[in-house]
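Undergrad: Here is the input, now give the coordinates:
(chains A and B)
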Amino acid sequence: GAVVSQHPSWVICKSGTSVKIECRSLDFQATTMFWYRQFPKQSLMLMATSNEGSKATYEQGVEKDKFLINHASLTLSTLTVTSAHPEDSSFYICSALYGDAETQYFGPGTRLLVL
Amino acid sequence: SQKIEQNSEALNIQEGKTATLTCNYTNYSPAYLQWYRQDPGRGPVFLLLIRENEKEKRKERLKVTFDTTLKQSLFHITASQPADSATYLCALPPSGYSTLTFGKGTMLLVSP
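TA: Numbering: from 1, shown residues only, chains lettered A, B, ... in the order given. The predicted model follows:
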């Protein structure tokens, strides 16, 4: 149990375009999901907390107008990188709170390359 | 804010030996601490959670200790195997939240 999927697993896009990444909890309902970004050899950096049916809570320094998060159902959260630029190239990972609300189950990640 | 320190240098050990990884934190002691495994290009996988009132926790070949006085957790893998090679992340919650702050992780390389 507690499987989280992400789609796509990798994406290459041109600078200025928008990219949508989906995060799904496959076998459980998740009222809370998280979005992280990880640069090479760096730790996971929390970008935002996504709660079903309400606005996401963004971490300091993360532009909410650039990284749009929608948690429309108990099994799906989406992250849209708007007007992507090369510096947005990174590994984006989502996670979902499961069970005791202390453990996070992570998706496999999405590698974004902006040319 | 909470700062987490994990040894940035890779740990190289021989198959069959016990690997010990360290996680140190500053400031307040969290209610619990978690360990995750991350393989290259993949999301982290949850391994163990240990609470502040637990000194030690075991799961198969894994053992975690939690010393709130030293502000340190040790993660042990006994009878290590090449398949254990990965980066191991320590994570703990900021006070009062269900979010997690992650360390940079320590890479473990187990050679046959």
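Undergrad: Tell me the strands beside the worst-scoring helix or strand of chain B on mean pLDDT, with direction?
TA: Across the helices and strands of chain B, mean pLDDT, DSSP states H and E gives its lowest value to strand B:101-102, namely a mean of 90. Take DSSP bridges as the rule and strand B:101-102 pairs in its sheet with strand B:86-92 (antiparallel).
Undergrad: sorry, back to before: going on from the least confident helix or strand of chain B, what's the next piece of helix or strand?
TA: strand B:106-111 (DSSP states H and E).
Undergrad: about what we covered before: which residues touch the least confident helix or strand of chain B?
TA: Where contact means CB atoms under 8 Å, 6 or more residues apart in numbering or on different chains, the residues beyond strand B:101-102 that reach it are A:43-44, A:46, B:1-2, B:4, B:36, B:44, B:89-94. (C-beta placed from N, C-alpha, C; glycine too.)
Undergrad: Report the contact partners of A:Asp88.
TA: A:Asp88 sits next to A:Val81, A:Leu112, A:Val114 when contact means CB under 8 Å, 6+ apart.
Undergrad: Which strand or helix spans the second one?
TA: This points to A:Leu112. The secondary structure element spanning A:Leu112 is strand A:110-114 (assigned by DSSP H and E).
Undergrad: buried stuff in that strand?
TA: Judged by neighbour count using 16 or more other CB atoms under 10 Å in any protein chain shown, the buried positions of strand A:110-114 are A:Thr110, A:Arg111, A:Leu112, A:Val114.
Undergrad: Make CSV from those and add distance to chain B and pLDDT to it.
TA: What follows is the buried residues of strand A:110-114, written out as CSV (distance: CB to the nearest CB, whole Å; pLDDT from 0 to 100):
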residue, distance to chain B, pLDDT
A:Thr110, 10, 97
A:Arg111, 7, 97
A:Leu112, 13, 97
A:Val114, 18, 97
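Undergrad: Could you list every helix and strand in contact with the helix or strand A:Tyr36 falls within?
TA: Taking DSSP H and E as the criterion, A:Tyr36 maps to strand A:32-38. Under the contact criterion of 3 or more CB pairs under 8 Å, 6 or more residues apart in numbering or on different chains; DSSP states H and E, the helices and strands touching strand A:32-38 comprise strand A:19-25, strand A:45-51, strand A:67-73, strand A:76-81, strand A:90-98.
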